[in-house]
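1. here you go, sequence then predicted model.
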Amino acid sequence: MASAWQGDLLDLDAYLHRVGYDGDRSPSLDTLRALQRAHVTSVPFENLEIYLGREIPLGVEALQEKMVRHRRGGYCFEHTELFAAVLERLGFSFTALTARVQLGEEKLRSATHALLRVEADGGLWICDVG
């Protein structure tokens, strides 16, 4: 049976090669920081499918096909789901969150952004790769 974030379906070595990470794989704060930096500097934000009206399949297999094998980017929900699978494989504990982008708005807007709250080295950290 697949895990909640499908980390068992992830080709971890291919992902780490994609983002240029060859460091420690323990679930520590140093690893989290290094992985987040590697991800955000290697995998661009991309929302072309949204503008072209195309379907955006989620799930680790589809995301690694697009973002790892085809070296494309994605929007926040794609980035966050792929990164969650990586964290799951490495043994991190985390919670998926959604957020509202206010941009100076006074009215309450819909939750349209995805990010993670990650436990590492006794603390809770917001991890936003998208």
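-> In hand now; what should we look at? Numbers count the residues shown, from 1 in each chain.
2. so where's the chain shaky on pLDDT?
-> 1-3 (pLDDT under 70).
3. one more time with 80, if that's ok
-> 1-5, 102, 105 (pLDDT under 80).
4. mind listing the helices for it?
-> 12-19, 29-42, 48-52, 60-63, 76-90 (DSSP state H).
5. the ones you listed: which one's closest to residue 101?
-> helix 76-90 (9.6 Å; C-beta to C-beta). Every C-beta, even on glycine, is put in place using the N, C-alpha and C of the backbone.
6. what's the closest one packed up against?
-> If contacts are counted by 3 or more C-beta pairs under 8 Å, 6 or more residues apart in numbering; DSSP states H and E, helix 76-90 sits against helix 12-19, helix 29-42, helix 60-63, strand 93-100, strand 111-120.
7. now, of these, which is deepest in the fold?
-> helix 60-63 (a mean of 20; mean count of other C-beta atoms under 10 Å).
8. what helices and strands are in contact with that one?
-> Helices and strands touching helix 60-63, as assessed by 3+ C-beta pairs under 8 Å, 6+ apart, comprise helix 76-90.
9. list every C-alpha atom in the helix it packs on, with coordinates, as CSV.
-> Taking Å, rounded to 0.1, in the frame of the first residue of the first chain, the C-alpha atoms of helix 76-90 are listed here in CSV:
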residue,chain,number,x,y,z
CYS,A,76,3.0,25.5,-5.4
PHE,A,77,0.8,22.5,-5.0
GLU,A,78,3.1,20.5,-7.4
HIS,A,79,6.3,21.6,-5.6
THR,A,80,4.9,20.9,-2.2
GLU,A,81,3.6,17.4,-3.0
LEU,A,82,6.9,16.4,-4.6
PHE,A,83,8.9,17.9,-1.7
ALA,A,84,6.6,16.2,0.8
ALA,A,85,7.4,12.8,-0.8
VAL,A,86,11.1,13.6,-0.5
LEU,A,87,10.8,14.5,3.2
GLU,A,88,8.7,11.4,3.8
ARG,A,89,11.4,9.2,2.3
LEU,A,90,14.0,10.8,4.4
